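Undergrad: Coordinates for the following, if possible.
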Amino acid sequence: MIGGLLTVIATSPWIRAALRHGAIILAVLLFLFSLRRSGERAGSLADRLETAEKANDVQRRMLEAAARRPRDRDDLADRLRGGEF
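TA: Numbering: from 1, shown residues only. Next up is the predicted model:
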C-alpha cells in the first residue's frame, strides 16, 4: 500500500510539484514566525534596557545629591547662613 502510494507520488509531476511548493511555503512561514519572535525578543530587551537606564540615572542623581549634602549640623548651619542652600 505505501509502496504504491510512493510510486504514484514519484511518477506524478503534479503531486511532486504540489509537495515541492508546499515545502517551500512551509519553510517561508516558519522563517516568518521565527523572524517575528526574534523581533518581539529584541523589543522586550530594548524595553528592559530603557528601564535599566532610567533606574541608573535616578541612582546616579541620588548619589550626586548625597555627595553634596552637609556633613554635620555645623556645616548645615554655615550653608544656611551663607545662602548656599
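
Undergrad: Please name the residues that touch Leu29.
TA: Contact partners of Leu29, counting by Cβ atoms under 8 Å, 6 or more residues apart in numbering, are absent. Yep, even glycine has a C-beta here, placed from its N, CA and C like the rest.

Undergrad: immediately after the helix or strand where it lies, which helix or strand?
TA: Using DSSP states H and E, Leu29 sits within helix 13-68. Using DSSP H and E, the next helix or strand after helix 13-68 towards the C-terminus is helix 73-82.

Undergrad: Quick one: mean pLDDT over that following helix.
TA: Averaging pLDDT along helix 73-82 yields 88.

Undergrad: Repeat that for stretch 8-16.
TA: Averaged across stretch 8-16, pLDDT comes to 79.

Undergrad: again with stretch 47-59
TA: pLDDT averaged over stretch 47-59 gives 96.

Undergrad: What would it look like as CSV? C-alpha coordinates only.
TA: What follows is stretch 47-59, C-alpha atoms only, in CSV (Å, rounded to 0.1, in the frame of the first residue of the first chain):
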residue,chain,number,x,y,z
ASP,A,47,12.3,47.9,27.0
ARG,A,48,14.4,46.3,29.7
LEU,A,49,17.5,48.3,28.7
GLU,A,50,15.5,51.6,28.8
THR,A,51,14.1,50.7,32.3
ALA,A,52,17.6,49.9,33.5
GLU,A,53,19.0,53.2,32.1
LYS,A,54,16.2,55.2,33.9
ALA,A,55,16.9,53.4,37.2
ASN,A,56,20.7,54.0,36.8
ASP,A,57,20.0,57.7,36.1
VAL,A,58,17.9,58.0,39.2
GLN,A,59,20.5,56.2,41.3
